[in-house]
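Asks: heads up, no residue letters with this:
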């Protein structure tokens, strides 16, 4: 765990100006997508997301997390996600067009990367040994927000990879003692529900799929509720651990 | 006695029916039995010989002795046990009720037009099934959760690539690599990580071609049996290639 926080401290201390730049660019592009959407802005956001994913792979994992075990494997995961953004750009997938759905959830998810450092401060951590807005989990939450707000039909592979990462985040709460990752894990439950529900609606063979879209939505809701209950149980266990400490 | 036109119509229908079954993962002797049953119902003798990609079919009118032969390609179709069962039941209906060709065709079109299972439902079920495999092989709860989400990623990759018509060997390599790469995060945690990695690719194992291959060989259809087994073996090699790529990257060895 000490190695874990030391690598984060090194990363934050060395890259904070870049992180501020990333946050500013992300904010500007998101606002432009909301208020001045155009093809150029969409392309710029996709390029930005690809660069952000490659940044996490190259700078965060390969340079600063080098002392951690299996850092290269995690870097590979982010390279793949960066490549998916590039592919999305190349095939002109019709994503990042504003949907107007789930505005409040999307807003919350966009603000979440900024809440990460505040949550860390509230937990008694100090700079640089704290979570920051340009770290894997914050980027995952931002990406989920982007997909909730601007994708009529989500890229299912990317959505599943983000969900995978978010669920791993829950394990990190236990194994590495990072309760901040609850923010990411909890945000993914409603996002997963909306992604799959809208995907069902978009490819549901015009209401003749099997099981019927209604049954599928109900099953999806049950699945998300089970996941949410697991999260709540984990949170309660974590609170017990804190009380024991 | 059948006219030439009637014989052509019967041949066309039985050829379509048989190749549909073969493409949907039915073993050869069952296809032959079903086709011959429909043939008896329509008053013709049906003989067919199948290969991996095509079928040679002969229909003979026992009254006139006239026969017709056709070579038909087997379409690659998704495996559906429900559809296979429905189509087998159709052959019994044709036989028991002496249904005319038009009625058999109408029911056949109705059966193959039934909606397929929703891909999202399949995705979630495959994820749960693979997580259960992980448990069966001794995985703990953390490993099971990781296998579940890894399978979702791997299977989503498979579904999207299939939708784009990518070569299925390539699909298996990429899906296996993606699923095992995602499962390799288990190595970071105190859990049964090796079970997680090994079971993350089990959803790709081509069980139906393997079983059909063995049944075909045991029932004397050696050529198509071996074809199916070789095809299944190549798919297993593709799974191994994807898994090996992950192992070499993550553990620097295959063991």
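Replies: Cool, the structure landed. All values reported here derive from a predicted model rather than from experimental measurement.

Asks: Would you map the strands across the stretch 1-150 of chain B?
Replies: B:45-50, B:54-60, B:67-73 (DSSP state E, counting those that start in this stretch).

Asks: Redo those strands as a markdown table? Include mean pLDDT and mean neighbour count.
Replies: In this view, the C-beta of every residue, glycine as well, is placed from N, C-alpha and C. Shown next, in a markdown table, are these (pLDDT from 0 to 100; neighbours: other Cβ atoms under 10 Å in any protein chain shown):
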| stretch | mean pLDDT | mean neighbour count |
| --- | --- | --- |
| strand B:45-50 | 94 | 18 |
| strand B:54-60 | 94 | 19 |
| strand B:67-73 | 94 | 14 |
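
Asks: now those in a markdown table, with distance to chain A?
Replies: Listed next are these as a markdown table, based on distance: least, Cβ to the nearest Cβ, whole Å:
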| stretch | distance to chain A |
| --- | --- |
| strand B:45-50 | 29 |
| strand B:54-60 | 29 |
| strand B:67-73 | 26 |
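
Asks: do you know which of those strands lies nearest residue A:151?
Replies: strand B:67-73 (38.8 Å; Cβ to Cβ).

Asks: Can you tell me the SS state at the spatially most central residue of chain A?
Replies: Central residue of chain A (Cα atoms, centre = their mean): residue A:140, 1.7 Å from the mean position. The local conformation at residue A:140, judged by DSSP: H, G, I helix; E, B strand; the rest coil, is helix.

Asks: pretty sure it is touching residue A:185, no?
Replies: No: look at residue A:140 against residue A:185 with Cβ atoms under 8 Å: they stay out of range, at 9.9 Å.

Asks: about what we covered before: how about the strands of the stretch 1-150 of chain B in TSV, adding distance to residue A:34?
Replies: Shown next, in TSV, are the strands of the stretch 1-150 of chain B (distance: least, Cβ to Cβ, whole Å):
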stretch	distance to residue A:34
strand B:45-50	59
strand B:54-60	56
strand B:67-73	52
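
Asks: nearest to residue A:35, of those strands?
Replies: The minimum distance between residue A:35 and the strands of the stretch 1-150 of chain B falls on strand B:67-73, with 54.6 Å, by Cβ to Cβ.

Asks: which ones are touching residue B:81?
Replies: Contact analysis of residue B:81 by Cβ atoms under 8 Å, 6 or more residues apart in numbering or on different chains lists residue B:25.

Asks: whoops, I mixed them up, residue A:103
Replies: Counting by Cβ under 8 Å, 6+ apart, residue A:103 touches residue A:149.

Asks: Could you check how far it is from residue A:192?
Replies: 18 Å (Cβ to Cβ, to the nearest Å).

Asks: now residue B:93
Replies: Taken as Cβ to Cβ, the span from residue B:93 to residue A:192 is 44 Å.

Asks: so how far is stretch A:180-190 off the chain centroid?
Replies: 9 Å (Cα atoms, centre = their mean, to the nearest Å).

Asks: what about that stretch, near chain B?
Replies: No: Stretch A:180-190 stays clear of chain B (Cβ under 8 Å from any Cβ of the partner chain), getting no nearer than 10.3 Å.

Asks: I would like the residues contacting that stretch, please.
Replies: Taking Cβ under 8 Å, 6+ apart as the rule, stretch A:180-190 contacts A:102, A:105, A:108-109, A:112, A:115-116, A:119-120, A:123, A:131, A:137-138, A:140-141, A:144, A:162-163, A:165-167, A:169-170, A:172-173, A:224, A:227-228, A:231, A:235, A:238.

Asks: Going through those residues, which ones are buried?
Replies: Buried members of those, counted by 16 or more other Cβ atoms under 10 Å in any protein chain shown: A:102, A:105, A:108-109, A:112, A:115-116, A:119-120, A:131, A:137-138, A:140-141, A:144, A:162-163, A:165-167, A:169-170, A:172-173, A:224, A:227, A:231, A:235, A:238.

Asks: so which of the residues you listed are also by chain B?
Replies: A:163, A:167.

Asks: one step back: show me whatever sits in contact with both of residue A:140 and residue A:185.
Replies: Common neighbours of residue A:140 and residue A:185, counting by Cβ under 8 Å, 6+ apart, are A:166, A:169.

Asks: Could you list the residues of the stretch 151-255 of chain B in contact with chain A?
Replies: Within reach of chain A by Cβ under 8 Å from any Cβ, the stretch 151-255 of chain B has these residues: B:152-153, B:156-157, B:159-160, B:178, B:181-182, B:184-185, B:187-190, B:249-250.
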